[in-house]
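# here is a sequence with its predicted model. Questions after.
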Amino acid sequence: MAGIMYRQYAGESDLPHIMSLVQNELSEPYVVYTYRYFLHQWPHLAFLAFPTDHGHSDPVGVIVCKQSMHRNLSNRGYIAMLSVSKDWRKRGIASALVTNSIEAMKMDGVDEVVLETEFDNNAALSLYESLGFIREKRLYRFYLNGKDAFRLVLSVPPSSENSSDTQSDDTDNLSASTRSSVSSRRRPPPYRAIRISPYSDDEDDYVSSR
Ligand SMILES: CC(C)(COP(=O)(O)OP(=O)(O)OC[C@H]1O[C@@H](n2cnc3c(N)ncnc32)[C@H](O)[C@@H]1OP(=O)(O)O)[C@@H](O)C(=O)NCCC(=O)NCCS
């Protein structure tokens with residue numbers, strides 16, 4: 001069986017692959033500007049999964065996220081898109097993508113990570129709950145297709161590893177293949193995530209994973 005290599009978003013050449021993975025699996029259509037909104041501002045929070053055997057050059061999984069202050073109270077990570085190709089599911093790829101993104105968010109002092117998913121997306125609900133997320137609320141007719149969503153939240157406890165003196169330890173949980181690029185793209189110092197988006201944080205979710 002092929003191994004899997006994870007790396008961060010590397011630039012526009014990744015975009016067609018990301019769009020293909022997401023459009024094939026998520027219910028709502030996103031325009032290219034939506035992808036760029038996330039990828040240009042938070043490239044270090046997007047990861048792709050590649051099989052390591054030479055028969056595969058395209059990614060088989062992707063995660064796209066953002067991170068900003070929520071009402072000046074909490075440093076909030078947001079998972080916008082997550083998709084794994086059908087043939088590559090149930091091998092831990094999504095778990096690894098989510099874990100990589102959360103570890104990268106921790107470098108900027110994340111307090112909580114949120115996302116929405118369709119209320120009946122059992123695979124996604126099981127995945128996130130296996131990683132410690134809990135259901136915060138049900139959002140009535142949240143999606144264009146009329147479906148309800150669950151908002152899930154993961155509380156990230158403060159860690160001494162988020163302090164600037166120990167930042168070098170933060171990459172320990174990342175795969176070796178991503179560690180050097182995460183390190184070079186880190187935005188020092190921590191706890192400085194600011195709201196860049198014109199949207200309120202309750203609408204940071206103007207695009208949402210399904
Ligand atoms: C949801 C999705 C990303 C999961 O990807 P994956 O790589 O297969 O997930 P993993 O292998 O990391 O699974 C981790 C855990 O999630 C849960 N899980 C994953 N797929 C599941 C399924 N079909 N049914 C039930 N639980 C499932 C299990 O608890 C699993 O752990 P286990 O394998 O030890 O039982 C994938 O099914 C997908 O791309 N779906 C379409 C897009 C989508 O729904 N995205 C999420 C939007 S929020």
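Yes, it's here.
# quick one: secondary structure of Gly77?
Per DSSP: H, G, I helix; E, B strand; the rest coil, the secondary structure class of Gly77 is strand.
# residue contacts, it?
Neighbouring residues of Gly77 by Cβ atoms under 8 Å, 6 or more residues apart in numbering: 45, 65-67, 101-102, 105, 110, 112-114, 156. Yep, even glycine has a C-beta here, placed from its N, CA and C like the rest.
# kindly report the residues of this structure close to the ligand.
Within the chain, the positions near the ligand by Cβ under 6 Å from any ligand atom are 25-26, 82-84, 89-95, 115, 117, 121-124, 126-127, 130, 209-210.
# mind giving me the PyMOL select for these, buried ones only?
Filtering those down to the buried ones (16 or more other Cβ atoms under 10 Å) takes a single PyMOL command:
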select buried, resi 25+26+82+83+84+91+93+94+115+117+121+124+127+209+210
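# where's stretch 33-42 relative to the chain centroid, distance-wise?
Computed by Cα atoms, centre = their mean, to the nearest Å, the chain-centroid distance of stretch 33-42 equals 12 Å.
# what sits against the closest residue to Ile134 other than its chain neighbours?
Residue nearest to Ile134 in three dimensions, not counting chain neighbours: Val153, with 6.2 Å by Cβ to Cβ, 6 or more residues apart in numbering. Shown in contact with Val153 (Cβ under 8 Å, 6+ apart): 112-114, 133-134, 136.
# am I right that Val153 falls within a strand?
Yes - judged by three-state DSSP, Val153 forms part of a strand.
# same list (the contacts of Gly77) but as JSON lines, adding distance to Ala2, pLDDT and neighbour count.
JSON lines is the format used below for those (distance: Cβ to Cβ, whole Å; pLDDT from 0 to 100; neighbours: other Cβ atoms under 10 Å):
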{"residue": "Leu45", "distance to Ala2": "25", "pLDDT": "98", "neighbour count": "29"}
{"residue": "Cys65", "distance to Ala2": "25", "pLDDT": "98", "neighbour count": "27"}
{"residue": "Lys66", "distance to Ala2": "30", "pLDDT": "98", "neighbour count": "24"}
{"residue": "Gln67", "distance to Ala2": "31", "pLDDT": "98", "neighbour count": "25"}
{"residue": "Ser101", "distance to Ala2": "22", "pLDDT": "98", "neighbour count": "25"}
{"residue": "Ile102", "distance to Ala2": "25", "pLDDT": "98", "neighbour count": "21"}
{"residue": "Met105", "distance to Ala2": "28", "pLDDT": "98", "neighbour count": "26"}
{"residue": "Val110", "distance to Ala2": "31", "pLDDT": "98", "neighbour count": "26"}
{"residue": "Glu112", "distance to Ala2": "34", "pLDDT": "98", "neighbour count": "16"}
{"residue": "Val113", "distance to Ala2": "29", "pLDDT": "98", "neighbour count": "25"}
{"residue": "Val114", "distance to Ala2": "32", "pLDDT": "98", "neighbour count": "20"}
{"residue": "Val156", "distance to Ala2": "32", "pLDDT": "97", "neighbour count": "20"}
